[in-house]
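*Asks:* Structure for the following, please:
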Amino acid sequence: MGGGKWCYVKVHRRGKDVLVAICDEELLGSEIRAGDLRLRIREEFYGGERIPLSQLKEYLREATIVNAIGNDVVKELAKWVDVVMEAAVELGGVLHVQLLLK
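*Replies:* Purely as a prediction, here's the structure:
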């Protein structure tokens, strides 16, 4: 495919909840530090399917919860969900957002 950006997306289902975990491609397996806080971008949670950012919207249709980390994925989410940038926090220079939908 072309030179577009890629991300990882993994869908977790529990009862009525559909949690969609998303991270920028280069963050998978890394750790982000912000002061005393350390956040691991674990493959078990985020490492589902590698997809182009342009296909991300398809995974949001059934999501009830979104957990997204990475500047690219958060900015992509902001195109469809108005409150994303207001809800996002920056950890060590990386944007992170958790959303409850529906």
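
*Asks:* okay but E25 is in contact with Y8, surely?
*Replies:* Yes. Contact criterion CB atoms under 8 Å: E25 and Y8 qualify, at 6.3 Å. (C-beta placed from N, C-alpha, C; glycine too.)

*Asks:* who's more crowded, those two?
*Replies:* Neighbours of E25 and Y8, each counted by other CB atoms under 10 Å, are more numerous for Y8; the result is 24 against 16.

*Asks:* Identify the contacts common to E25 and Y8.
*Replies:* By CB atoms under 8 Å, 6 or more residues apart in numbering, E25 and Y8 have these common neighbours: R50.

*Asks:* pLDDT weak spots in this protein?
*Replies:* Across the chain, residues meeting the criterion (pLDDT under 70) sit at 1-3.

*Asks:* residue ranges for the helices of it, please.
*Replies:* For the chain, helices defined by DSSP state H occupy the ranges 43-46, 56-60, 71-77, 84-87.

*Asks:* Nice, that's everything, thank you.
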